[in-house]
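Engineer: the following block contains a protein sequence and its predicted model.
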Amino acid sequence: MPRHKLIASESDVSIEVDEGKDKESCVYYVEVEENCERGKIKQASRDGKRRRERNGETRRKASEKRTNEGESKKAEKKHEKGHRTARKAGEKHGKRQRRKNAGEEDAEDKSSKEKKNMKNEKNKTLKLEEEKEKDVRKKKRKHVKNEEDETNHEKTKQHLKEEKRRKKRKKPETTSESESKSESESASESESKNSPAVGVLGSLTPEELENLKEAVEERKKLITQLKGKPWPMRRKLVVLRESQEFVEKYEGALGKGKGRKLYAYKVMMMKKWMKFQRDFENFKTACIPWEMKIKEIESHFGSSVASYFIFLRWMYGINMILFGLTFGLVMVPEALMGKPYGSLPRKTVPREEEASAMNFAVLWDFGGYAKYSVLFYGYYNSQRAIGWLKFRMPLSYFLVGVGTVAYSYMVVIRTMARNANEEGGGDDTSFNFSWKTFTSWDYLIGNPETADNKFASITTSFKEAIVEEQESRKDDNIHLTRFLRVLANFLVLCCLAGSGYLIYFVVRRSQKFALEGLENYGWWERNEVNMVMSLLGMFCPMLFDVISTLENYHPRIALQWQLGRIFALFLGNLYTFIIALMDAIQLKRAEEEIVKKNMTIWQANLYNGTVPDNSTAPPLTVHPADVPRGPCWETMVGQEFVRLIISDTMTTYITLLIGDFMRAVLVRFLNNCWCWDLEYGFPSYSEFDVSGNVLGLIFNQGMIWMGAFYAPCLPALNLLRLHVSMYLQCWAVMCCNVPQERVFKASGSNNFYMAMLLVILFLSTLPAIYTIVSIPPSFDCGPFSGKPRMFDVIQETLETDFPAWFSKVFSYASNPGLVLPFLLLLVLAIYYLQSTSKTYKRVNMELKKKLQAQNEENKKKNKLAALKAASDLEQARKAGEQRRNSISDLGVNEENPESHVSSSHTSRPPASRGHTSSGHLPGHPQQPQKNSKKR
């Protein structure tokens, strides 16, 4: 054996790790000698010592913990004992106080309890009595409801039995009637099934609720499809009323609990919303100015007379915009921010005119203080900016004048385009009388006055349709009508030439009077031109109306010819008046040059000779009324237009009162005591002159466009005139006029009015543009005084208020080399669009004709098919009658052959089953019964 061995095993090696040496590793190498017992004893003694040390330490720690826990428990017990004693003392004190207060509270509680008990007993007795009464009432109601339900159930059973009997008796009806009856029967059956649910909806079973839903849906479908049913109107109204009542009664019972209430609330809100929409539409219609008046006139006098009042209302709206522009941007700023009256010579009445400045005759001619006010051009100052807002008065005046004309062009052209779109491809006259007969009345009318107006409107529409139909079928002598039309046009040309010469002569006389001085002449000489123009406008249309009877045109075409002739008359008169004004303007400019020279002499005489340049004398103050001034031709032009409009308005109103009202009064009260019938003879009631009134409106508006630049008050005067004319002429039409003998439909008249208005707008802007561009303004009046031309205010604004590059761009854009090609391009585009619109219109007319032809072919085919079916039915009926006659003859021959031989001509067929045959006279055989069933 070897002397030493290295052993590393768990049994032979012990490894000790102290508490302070956790991270140290100990490896014991033990030399084991041959005698191992000693090593084991030593190792066992070491292990025993270590175990004893560890046990002693654990015992010490446990004893320390026990002592600490005991001390803490003793302290807690002492603290709890103190709290318990304090609580007990407090509870004892509280009990003592409660016992003291208990006596007082017990006495109060006893008294209150006694009172409450008395009240409760009384309430209980009252409640018991009320409950008993309610029980009695409920029992009575239940008894009555049960009786009603039983009676309703019995009635429905009887009704169903009667309907079954009727079905058995009646023949089979047509398909449409059978469908309608099946719908009504199903609705009645559903009502009969649901009749017990009328009283108490909560007692319905689910099956009954489903049936009720189906019945409500069927009734709704019936209401929507009722218009297409081939029923008489009385039956439709009865079914509609019953269906609406049924739906309103049972529609809310389709839900359950909250759903039923929600559904009923939705239905109620939907009905209220529909009523609100209907009322709102009525409110919008009522808000349209004079809508009801125009409808009433249309119902009595036709659409031709109503078209005039519609046109007047449209003109009122246009003038409202023009008045807003001129009043808000020209007159009000000058009155509020400009220099006051008397501060400048142009704003002051001259000294020689102060004595008569407030006379009525002077103010009626718009002289005196009216001339030197914001109503006319000469009052406005040429100062570039006025007031604390630095308002550019000259620029605003020029832009408002241009903007009013541009706005008028835009509105007129847009209205013409809208009317052309509404007209479409013409009126559809197929089945015109049938449509008017069966669809004209409005069943929602509830007012007697409205019903009368509707009745008159339907009557007038029938008259219009009859005239249209008569004119379409009229066939006259062509050569005679051509000769009469040429003669009528020759007479009209003579009248126009005579009126033009008369106006030219009167204008020449007025210029002569002006040179000699109007102060030496009377009122007629001063207003001769205006009065002659007004009288020509009043009497020439009457002469044209007499001449138009020779032509025998359709009433609509005759109205257009009449409007064209009066248009030519007014246009000639207007341009003759403008030519006379141009001559007067040249005279005023010559006078202005003389005034300029006189002012230099006046200024020199004011200082008593020449004043040296280095003089330091204070300037002399002169009152503005004493300063000499020029004639101001712009104010003169504005005054002439204002006088012309005032005289035309007064002439219109006087002729209306005398020619219509007094004429109607004489006819009405002198008819019974006169030699002949005044109503149907001479003078009779007057008819409303549509053409004359329309042309009066158009030319009045043309004068407004022409003179508004020189008299800003013209839109306000025209607005007042139109407002008064609407009420006065509506009253005159309804009280003094009668409908025309030949009432016609004015389908395209409104667009014809707009075309004439567009022409007069173009012709009225030409003189205004000429004066603005070519004639220099006056030197001492108006917002453009001191400038060579009126439009120089634009160039001045561009140079002072805008950058230099902007003025260059504007000058290049306004170059004629660019403007003329642009205008040419616009003309080409307008021509192209007009040609394309014509082609589209022609294609639409061709398609319409094709559709009408196809419709006529379909009608013919349907008619042939119906005739063929009727002939087949007739042949079948005859064959059936022959068959029955042959069978009856064979049966009679078999039973009584001898009687058949003796009296064959008196035989008759046997009676049908279920019917008794009546007797007949000999020699007159009985006809076959109509109620016999076909085999």
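Structural biologist: It's in.
Engineer: in three-state terms, label the spatially most central residue of the chain for me.
Structural biologist: The structure's the chain has its C-alpha centroid closest to K284; by CA atoms, centre = their mean the separation is 6.1 Å. Secondary structure, DSSP: H, G, I helix; E, B strand; the rest coil: K284 is helix.
Engineer: and it, how far is that from R278?
Structural biologist: 11 Å (CB to CB, to the nearest Å). In this view, the C-beta of every residue, glycine as well, is placed from N, C-alpha and C.
Engineer: same deal with F391?
Structural biologist: Counting by CB to CB, the gap from F391 to R278 is 49 Å.
Engineer: more neighbours, these two?
Structural biologist: F391 (18 against 11; other CB atoms under 10 Å).
Engineer: which stretch of helix or strand covers V362?
Structural biologist: helix 360-364 (DSSP states H and E).
Engineer: tell me the mean pLDDT for that helix?
Structural biologist: Helix 360-364 shows a mean pLDDT of 83.
Engineer: buried residues in that helix, which are they?
Structural biologist: V362 (16 or more other CB atoms under 10 Å).
Engineer: elements contacting whichever helix or strand comes after it?
Structural biologist: Remark: after helix 360-364, the chain's next helix or strand is helix 393-423, criterion DSSP H and E. When contacts are defined as 3 or more CB pairs under 8 Å, 6 or more residues apart in numbering; DSSP states H and E, helix 393-423 packs onto helix 303-326, helix 332-337, helix 690-707, helix 749-774, helix 792-801.
Engineer: the same query, at a cut-off of 10 Å, please.
Structural biologist: Judged by 3 or more CB pairs under 10 Å, 6 or more residues apart in numbering; DSSP states H and E, helix 393-423 is in contact with helix 303-326, helix 332-337, helix 690-707, helix 749-774, helix 792-801, helix 816-895.
Engineer: which of those helices sits closest to G403?
Structural biologist: Among these, the nearest to G403 by CB to CB is helix 303-326 (6.4 Å).
Engineer: what angle separates that closest one from helix 690-707?
Structural biologist: 10 degrees (axes from the mean of the first three to the mean of the last three CA atoms, to 10 degrees).
Engineer: CA atoms of helix 303-326 as PDB?
Structural biologist: Output of helix 303-326 as PDB, limited to C-alpha atoms (Å, rounded to 0.1, in the frame of the first residue of the first chain):
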ATOM      1  CA  SER A 303    -102.900  86.500 -68.500                       C
ATOM      2  CA  SER A 304    -102.400  89.400 -71.000                       C
ATOM      3  CA  VAL A 305    -103.500  92.000 -68.500                       C
ATOM      4  CA  ALA A 306    -101.800  90.300 -65.700                       C
ATOM      5  CA  SER A 307     -98.500  90.300 -67.600                       C
ATOM      6  CA  TYR A 308     -98.500  94.100 -67.500                       C
ATOM      7  CA  PHE A 309     -98.700  94.100 -63.700                       C
ATOM      8  CA  ILE A 310     -96.100  91.400 -63.400                       C
ATOM      9  CA  PHE A 311     -93.800  93.600 -65.600                       C
ATOM     10  CA  LEU A 312     -94.600  96.600 -63.500                       C
ATOM     11  CA  ARG A 313     -93.600  94.700 -60.300                       C
ATOM     12  CA  TRP A 314     -90.400  93.700 -61.900                       C
ATOM     13  CA  MET A 315     -89.600  97.300 -62.900                       C
ATOM     14  CA  TYR A 316     -90.300  98.300 -59.300                       C
ATOM     15  CA  GLY A 317     -87.600  95.900 -58.100                       C
ATOM     16  CA  ILE A 318     -85.100  97.200 -60.600                       C
ATOM     17  CA  ASN A 319     -85.700 100.800 -59.600                       C
ATOM     18  CA  MET A 320     -85.400  99.800 -55.900                       C
ATOM     19  CA  ILE A 321     -81.800  98.800 -56.600                       C
ATOM     20  CA  LEU A 322     -81.000 101.900 -58.600                       C
ATOM     21  CA  PHE A 323     -82.500 104.100 -55.900                       C
ATOM     22  CA  GLY A 324     -80.400 102.300 -53.300                       C
ATOM     23  CA  LEU A 325     -77.200 102.900 -55.300                       C
ATOM     24  CA  THR A 326     -77.800 106.600 -56.000                       C
END
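Engineer: how far out from the middle of the chain is it?
Structural biologist: From the chain centre to the centre of helix 303-326 is a distance of 18 Å (CA atoms, centre = their mean, to the nearest Å).
Engineer: what mean pLDDT does it have?
Structural biologist: 90.
Engineer: cool, and stretch 635-653?
Structural biologist: 88.
Engineer: and that stretch, which residues are buried?
Structural biologist: For stretch 635-653, by 16+ other CB under 10 Å, it's 635-649, 651-653.
Engineer: just those: which are in strands?
Structural biologist: Of these, none are assigned to strands by DSSP state E.
Engineer: pLDDT below threshold where in the stretch 51-200 of the chain?
Structural biologist: 100-109, 111, 140-200 (pLDDT under 70).
Engineer: show me where it has its helices.
Structural biologist: Under the criterion DSSP state H, counting those that start in this stretch, helices of the stretch 51-200 of the chain are mapped to 175-193.
Engineer: outline the domain layout of the protein.
Structural biologist: With domains defined by the TED database, the chain comprises 206-255, 295-425+478-605+628-797+804-817, 818-864.
Engineer: for the helix or strand where S811 lies, which residues meet the burial criterion?
Structural biologist: S811 is part of helix 804-813, with elements assigned from DSSP H and E. By neighbour count on 16+ other CB under 10 Å, the buried set for helix 804-813 is S807.
Engineer: now do it and helix 816-895, the angle between them.
Structural biologist: Going by the same axes, to 10 degrees, helix 804-813 makes 60 degrees with helix 816-895.
Engineer: other SSEs contacting helix 804-813?
Structural biologist: helix 792-801, helix 816-895.
Engineer: ok, S811 touching V819?
Structural biologist: No: here S811 lies out of contact with V819, judged by CB atoms under 10 Å, at a distance of 11.9 Å.
Engineer: name the residues contacting each of those two.
Structural biologist: Overlap of the contact sets of S811 and V819 (by CB atoms under 10 Å, 6 or more residues apart in numbering) is empty.
Engineer: tell me the most buried of the helices and strands packed on helix 804-813?
Structural biologist: Among the helices and strands packed on helix 804-813, judged by mean count of other CB atoms under 10 Å, the one packed with the most neighbours on average is helix 792-801 (a mean of 15).
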